[in-house]
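**Student:** Quick one, fold the following:
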Amino acid sequence: MKISLFVLLNIIALNISAQSTVLSDFETTQTLPDFWTFGCFYEFTENPQRDETNPSLLVGKVHKNARPSMISGLAADLSTSIDLNRSGHLKMKVLALTKAGKVRIKLESPSSSVLYTELYTEIAKTGEWQELIFPLDKADKKYNRIVISFNVGELSDDVYYFDDLIWVPTSKQ
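**Tutor:** Okay, here's the model as predicted:
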């Protein structure tokens, strides 16, 4: 299912420092690229649990429903490439209300489905916002599509909130 995200997911190249790039923060109302979902429902909504870790007003909400497909997620083409020559890490804030588990970020090249890298990390706890870190290995590759999946390979009926997806390279080139 393909939907246009005018205010829904803010995947932009907005420099917040000399090195970090905000890929999504849900607070900026700019024209956004097309975004598609598979095996889940997506919306942007008010933050259900504002705290020190995430005081944002607006966040993304993913409802991974227990449909026959165990693969689900959201994907978008980025307006800026993630350059693995600059290595670093991706970070994202996540709130899991009912179930912890793995989060996968898959970086792809839209020109070829065989050019990708997958990054995994764990949601350690439920009921509170936490910042997840996805380390990037240095490689001579650039990606400009991102796919976010929660608890890949599991049939579940869970809700996850996410915010502030940021790429932090280790150096400028």
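**Student:** ok, which stretches of this structure are strands?
**Tutor:** Using DSSP state E, the strands of the chain run over 2-4, 14-15, 21-24, 34-38, 41-46, 58-64, 73-83, 89-96, 101-109, 112-123, 130-135, 142-150, 158-168.
**Student:** Would you single out the least confident of those strands?
**Tutor:** Within those, confidence is poorest for strand 14-15, with a mean of 32 (mean pLDDT).
**Student:** So for the protein, the centremost residue is which one?
**Tutor:** By Cα atoms, centre = their mean, the chain has its centre lying nearest to I148, at 4.9 Å.
**Student:** now that residue, which residues is it bridged with?
**Tutor:** L74, I105 (DSSP bridges).
**Student:** wait, isn't it in contact with G73?
**Tutor:** Yes. Judged on Cβ atoms under 8 Å, I148 makes contact with G73 at a distance of 5.5 Å. For glycine as for every other residue, the C-beta is placed from the backbone atoms N, C-alpha and C.
**Student:** list residues touching both of those two?
**Tutor:** Contact criterion Cβ atoms under 8 Å, 6 or more residues apart in numbering; residues shared by I148 and G73: V62, R104.
**Student:** how many neighbours does R86 have?
**Tutor:** As a burial measure, R86 scores 17 neighbours (other Cβ atoms under 10 Å).
**Student:** That one reaches T170, doesn't it?
**Tutor:** Yes. Applying Cβ under 8 Å, one finds R86 in contact with T170, separated by 6.2 Å.
**Student:** In contact with L136, which residues?
**Tutor:** Listed by Cβ under 8 Å, 6+ apart, the contact set of L136 reads I82, L84, S87, G88, H89, L90, T117, L119.
**Student:** now swap in K99 and tell me
**Tutor:** By Cβ under 8 Å, 6+ apart, the contact list for K99 reads T126, N151, S156, D158.
**Student:** Is there a quick ChimeraX command that grabs whichever of those residues are buried?
**Tutor:** Isolation of the buried members of those (16 or more other Cβ atoms under 10 Å) is achieved in ChimeraX through the command below:
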select :151,158
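**Student:** and the contacts of K99 as TSV, adding distance to D51?
**Tutor:** TSV is the format used below for these (distance: Cβ to Cβ, whole Å):
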residue	distance to D51
T126	14
N151	23
S156	25
D158	20
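**Student:** Closest one of the contacts of K99 to R104?
**Tutor:** Closest to R104 out of these is N151 (8.9 Å), distances taken as Cβ to Cβ.
**Student:** Who are the contact partners of the closest one?
**Tutor:** Residues in contact with N151, defined by Cβ under 8 Å, 6+ apart, are K64, K99, G101, K102, V103, D158.
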